[in-house]
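> A predicted structure for the sequence below; I have some questions about it.
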Amino acid sequence: MRLLEQPPEPGRLWVRYRPRPWPAPDGLWTDLAAVGLGQPGPPGATIPGPAGRAPLADDLLYLPPVEAGSAAARRALGRAAIDAGAPVLEQLLPGERPAIEGAVAVYDLLPALAAGELERLAQLPAGATAVWPLVAGVSGDPEVWEPGLRRLAEARCAAVLGLALQLAAGDRRRLAGNLDEERYRRLFHGPPPAERAFAWAAGRFGWGPFIERPLPAGPPWRRENRRLAGLLARAAELWLRLGRPESRGQELYRAARGVDRLDRDLATLAREGNLSVLPWLAPPARQLIEEATTGPKPALLHELETEYLS
């Protein structure tokens, strides 16, 4: 097994690492890292035992669903990662219960939504985080959102996020199932669902567009650096989604990546007024960090979230 790495972004649930190959199930599920339809595992794929595990780094490790016979091995891999200090995201399907103590449990609603079984959404455990995959003709239509979100609110979910899936033609054929003619047409030829529209609908129930970034174990200053990098990334993502100038959004993302790699106590530098020693930290990012170390939420992030959900 090897770990594939990608930039940790709020729109992809902060995933940095994912293991490959992976014994994924044949049914419908969402690839949370690729924001697409999950694919069955390759023949013979297994999760290695303790002697053969990949090195584990100190950022979010994504563990997708597995076939029933690999559940114990996934649980052991997740525990090993958490014991090594890494945060872990355990993806669950409706009806499952968390199996990895200390992991971030995220429920993938695709199987229930594709089957039109909205009543299953009310069965999620209180405090759950749920991902609503947005697929035209299947789960991306606003008339489905209200009753589904109401059931998730009845279940007292802590967070509900919409993800507009990127689908190939083969993925659409897998999702077509027993769709009527109109929904079939929307699936193959309709415009992609708007994540912002779903975020607005979910926001009326009190849910924000992103989850908080899971933090690693380790020295408090390193955890704080990761938290601050996460705030910069959230501001960057919202800035770009709102259609503001691309250069500024990428500037915020570059600052987030720089803070992620920083081997110094950023909060102390900010409190002492010494952020100028980091020349790659542009003024908007510098101001956001200064405000984040002294108050609950930086002004820029509050402004962007308010506009995005309005």
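Here it is on my side, so go on.

> please make it C-alpha for all contacts and neighbour counts, starting now.
Noted.

> quick one: the helices in this structure?
Per DSSP state H, the chain carries helices over the ranges 71-83, 110-114, 142-154, 169-176, 181-189, 195-203, 220-241, 246-261, 266-271, 283-292, 299-308.

> tilt between the fifth one and helix 169-176?
Okay, so that is helix 181-189. Calculated by axes from the mean of the first three to the mean of the last three Cα atoms, to 10 degrees, helix 181-189 forms an angle of 160 degrees with helix 169-176.

> with only the CA atoms kept, save helix 181-189 in CSV.
C-alpha atoms of helix 181-189 as CSV (Å, rounded to 0.1, in the frame of the first residue of the first chain):
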residue,chain,number,x,y,z
GLU,A,181,-37.1,9.9,-18.5
GLU,A,182,-37.0,13.5,-17.1
ARG,A,183,-34.5,12.7,-14.3
TYR,A,184,-32.5,10.6,-16.8
ARG,A,185,-32.2,13.6,-19.1
ARG,A,186,-31.1,15.8,-16.2
LEU,A,187,-28.5,13.3,-15.1
PHE,A,188,-26.9,13.2,-18.6
HIS,A,189,-27.6,16.6,-20.0
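
> which regions of this protein lie under the pLDDT threshold?
Applying pLDDT under 70 to the chain flags residues 49-57.

> how does it look with 80?
1, 48-57, 178 (pLDDT under 80).

> if we can go back for a sec, how about the helices of the chain in JSON lines, adding mean neighbour count and distance to Gly38?
Listed next are the helices of the chain as JSON lines, based on neighbours: other Cα atoms under 10 Å; distance: least, Cα to Cα, whole Å:
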{"stretch": "helix 71-83", "mean neighbour count": "19", "distance to Gly38": "17"}
{"stretch": "helix 110-114", "mean neighbour count": "20", "distance to Gly38": "10"}
{"stretch": "helix 142-154", "mean neighbour count": "17", "distance to Gly38": "22"}
{"stretch": "helix 169-176", "mean neighbour count": "14", "distance to Gly38": "9"}
{"stretch": "helix 181-189", "mean neighbour count": "16", "distance to Gly38": "17"}
{"stretch": "helix 195-203", "mean neighbour count": "20", "distance to Gly38": "19"}
{"stretch": "helix 220-241", "mean neighbour count": "22", "distance to Gly38": "24"}
{"stretch": "helix 246-261", "mean neighbour count": "19", "distance to Gly38": "27"}
{"stretch": "helix 266-271", "mean neighbour count": "18", "distance to Gly38": "38"}
{"stretch": "helix 283-292", "mean neighbour count": "19", "distance to Gly38": "35"}
{"stretch": "helix 299-308", "mean neighbour count": "15", "distance to Gly38": "28"}
